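Asker: After the sequence you'll find the predicted model.
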Amino acid sequence: MHQSGQQHQLLRRELLAALLLGAGAAPAAAAQLQLPPIIAPPTSQHLVGKVIFQELVTPDLARARQFYGSLLGWTFRDLAAGELAYAEVILGDRAIGGLFQRNMPAGEHRQSAWLTYIAALDTDATVRTALQHGAKLLFGPRSFADRGREAVLADPQGAVFAVLASSSGDPPDLLAEPGEWIWNSLITRDPDTAAGFYQTLFDYEVYPAPTAAGPDHLVLASDGYARASVNPPPAARPDLYPHWLNYVRVDDAASMATRAAALGGRILVPPRPTSRGGAIALAADPLGAPFGLLQWSTTDTTAGAQ
Amino acid sequence: MSARPRRRLAVAGAGLLLLLVFGCVVPGGYEGTYVGYYEPSGFSHGGWGSGYDVGPWRGGGFPRRRAFVGGSQAFRPAPPGHPMPSIPSRARSPGPARGPRR
């Protein structure tokens, strides 16, 4: 009986040691994941407040690759470190985002999402300001050699976003090509307060944009370009969780939405004309991550004031 | 101190150590190792009613027919003389790739 007790105790110690070893090894393995720069060759410009990168966290990297590759013509470059798997999203010759595999937390009811990265000059200073104004720090700040220093925050209303001081500079302000990210929206319960928060962080110019038929919204701009809209939740979804949405430029929103559904996605908002010409739709990938499809023509000059 | 309380203390200490190692775990699914974010589920996107407008304004500037008269002091509206800008419109230069294929 006494010998059995000693063995039991020894086993427990071994288990504890193994657990501690495993816990210590995980961050070390993660540290080996060499995240690529967001732009190559590097630029010398920093466009504070510009949305410069999007990253999807998904429980099924292979399925996400298949979906987005078939839908948008994206290709992927695999990176891995230990159990971590990451795919750089390539459109043509440019990296435009990343897919990161992470198992869905057991017992938690959560869904896959794209994370919006906003350019900053000094991530730490931006984080400090954000925290002083009611944000919560969820990750970092942490430096990744080639990418830069980043942090993930939840704004005071709960919408999650990332801040990145890119090591390689920021992508230039050029018209997005089909398949590239073109626009961003923050859906939040108090747009005015949210606009003030992000203005404090990124020195945005804030433009009220009244509409005739729908709720007013705001537009955040920097360096002479619109960067994002800030909208209240739709009337039919007053309790919608505050979140950022990102839109990919497409040539034909209707056909792309149909294709997204055929590939296993869902249509959340059917294609509809925008008041500014073109069309817009909201879809979810097969794992539930929402993203927008924005049909944006360079020749369409419809610009009816609302 | 008997062996049992000491073991309990050791286990508690180990637990504390684990908590420190994984101290970056926060609700929402982030890990100290790398960003791993899942949004809360249980709410449905969509439901955009008529006139729900999220898109960018198309070039030429927003006419801003009426001044912003909201009572909100939450943000500084852009100066009245500044027309609302659109998204970048300059096309990428044709020809060779701007960056190496990676």
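Answerer: Arrived safely, thanks for sending. Predicted model, so just to flag it, every value in this text is computed and none were measured. Numbers count the residues shown, from 1 in each chain, chains lettered A, B, ... in the order given.
Asker: can you count the residues close to the residue in chain B that chain A sits nearest to?
Answerer: Across chain B, the shortest distance to chain A (Cβ to the nearest Cβ) belongs to residue B:51, at 2.7 Å. For every residue, glycine as well, the C-beta is placed using N, CA and C. For residue B:51, the neighbour count with other Cβ atoms under 10 Å in any protein chain shown is 13.
Asker: Helices of chain A, start to end?
Answerer: A:2-31, A:61-72, A:123-132, A:191-202, A:253-262 (DSSP state H).
Asker: So for the longest one, mean pLDDT?
Answerer: I take that to be helix A:2-31. Averaging pLDDT along helix A:2-31 yields 42.
Asker: quick one on the thing from earlier: pretty sure the residue of chain B closest to chain A is in contact with residue A:211, am I right?
Answerer: Yes - counting by Cβ atoms under 8 Å, residue B:51 sits close enough to residue A:211 to count as a contact (5.5 Å).
Asker: so how far is the first residue of stretch A:69-84 from its last?
Answerer: Stretch A:69-84 has an end-to-end distance of 21 Å (criterion: Cα to Cα, to the nearest Å).
Asker: where does the stretch 51-200 of chain A dip in pLDDT?
Answerer: A:105 (pLDDT under 70).
Asker: How about the stretch 201-306 of chain A?
Answerer: For the stretch 201-306 of chain A (pLDDT under 70), the answer is A:212-215, A:299-306.
Asker: give me that answer again for 50
Answerer: In the predicted model of the stretch 201-306 of chain A, residues A:302-306 satisfy pLDDT under 50.
Asker: Please apply the same query to chain B.
Answerer: B:19-33, B:65-69, B:96-102.
Asker: Please parse chain A into its domains.
Answerer: Per automatic domain parsing, the structural domains of chain A span A:51-166, A:181-295.
Asker: now the ones you listed in TSV, with mean neighbour count?
Answerer: Shown next, in TSV, are the domains of chain A (neighbours: other Cβ atoms under 10 Å in any protein chain shown):
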stretch	mean neighbour count
domain A:51-166	19
domain A:181-295	20
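Asker: Dump these into CSV; add distance to chain B as well.
Answerer: Shown next, in CSV, are these (distance: least, Cβ to the nearest Cβ, whole Å):
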stretch, distance to chain B
domain A:51-166, 3
domain A:181-295, 3
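Asker: will you turn these into TSV that also has distance to residue A:34?
Answerer: Supplementary listing: the domains of chain A in TSV, determined by distance: least, Cβ to Cβ, whole Å:
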stretch	distance to residue A:34
domain A:51-166	7
domain A:181-295	23
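Asker: Of those domains, which is nearest residue B:73?
Answerer: Among the domains of chain A, the nearest to residue B:73 by Cβ to Cβ is domain A:181-295 (8.2 Å).
Asker: how far does that closest one stretch from start to finish?
Answerer: 11 Å.
Asker: and what of stretch A:100-115?
Answerer: 11 Å.
Asker: Could you tell me how far that stretch lies from the centre of the chain?
Answerer: 13 Å (Cα atoms, centre = their mean, to the nearest Å).
Asker: Likewise for stretch A:229-240?
Answerer: For stretch A:229-240, the distance to the chain centre is 19 Å (Cα atoms, centre = their mean).
Asker: re the thing from before, right, so of the domains of chain A, which gets closest to residue B:57?
Answerer: Here domain A:181-295 is closest among the domains of chain A (Cβ to Cβ), at 6.0 Å.
Asker: Okay, and the beta partners of the residue most central in space within chain A?
Answerer: Centroid-nearest residue in chain A: residue A:115, 1.8 Å away (criterion: Cα atoms, centre = their mean). Beta-bridge pairing for residue A:115 (DSSP bridges): residue A:55.
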